[in-house]
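>>> need a structure here:
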Amino acid sequence: MTLSDSELISSNIKTASQPSKLKITDMRLVRTTTGGPILKIDTNQGLYGLGEVRDGASKTYALLLKSRILGENPCSVDKIFRQIKQFGFHARQGGGVCGIEMALMDLVGKAYEVPCYQLAGGKFRDEIRCYSDT
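Just a heads-up that it's a prediction; the model follows:
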């Protein structure tokens, strides 16, 4: 291998996202007209993840968790989840924790350029049968 070959290889490596150096810089919520609030987690590298605060949960509970995740590496989903799960009881408090976990999985999928289902164990089916009841 010559020097020009190694330069060619290194020029094909994507360096836009360095997952080990990601840090959470902000978390915001937007209320939508059709459902629950959408949570957005921003990072120092411009990547962001989106999650839905579900089941009628109050956005106030989700925002209370912001101080606990700022500065953390979003790729450490399990570590962050263990830090915040104690604040996500049942009813209106649980939606904030779930929304943050969704946003983290979305963000990690973008950082590694893989779909979220790959992070959760892989694809189980190629197609599904839809059902609708009126």
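
>>> Quick test: name the residue nearest the centre of the protein.
The chain has residue 104 as the residue nearest its centroid, 2.0 Å off, counting by C-alpha atoms, centre = their mean.

>>> tell me what the one helix or strand that residue maps to is packed against?
Using DSSP states H and E, residue 104 maps to helix 94-112. Contact here means 3 or more C-beta pairs under 8 Å, 6 or more residues apart in numbering; DSSP states H and E; on that basis helix 94-112 packs against strand 38-43, strand 48-52, helix 59-64, helix 77-84, helix 116-119. C-beta here means a position set from N, CA and C on the backbone, and glycine is covered the same way.

>>> run the last query once more with 10 Å
When contacts are defined as 3 or more C-beta pairs under 10 Å, 6 or more residues apart in numbering; DSSP states H and E, helix 94-112 packs onto strand 24-30, strand 38-43, strand 48-52, helix 59-64, helix 66-69, helix 77-84, helix 116-119.

>>> who does the second one pair up with?
The reference is to strand 38-43. As defined by DSSP bridges, the strand partners of strand 38-43 come to strand 24-30 (antiparallel), strand 48-52 (antiparallel).

>>> so how far is residue 113 from residue 120?
Using C-beta to C-beta, to the nearest Å, residue 120 is found at 16 Å from residue 113.

>>> Can you add distance to residue 94 and mean neighbour count and give the helices and strands packed on helix 94-112 back as JSON lines?
Formatted as JSON lines, the helices and strands packed on helix 94-112 follow (distance: least, C-beta to C-beta, whole Å; neighbours: other C-beta atoms under 10 Å):
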{"stretch": "strand 24-30", "distance to residue 94": "16", "mean neighbour count": "16"}
{"stretch": "strand 38-43", "distance to residue 94": "14", "mean neighbour count": "22"}
{"stretch": "strand 48-52", "distance to residue 94": "13", "mean neighbour count": "20"}
{"stretch": "helix 59-64", "distance to residue 94": "8", "mean neighbour count": "18"}
{"stretch": "helix 66-69", "distance to residue 94": "16", "mean neighbour count": "14"}
{"stretch": "helix 77-84", "distance to residue 94": "11", "mean neighbour count": "14"}
{"stretch": "helix 116-119", "distance to residue 94": "20", "mean neighbour count": "13"}
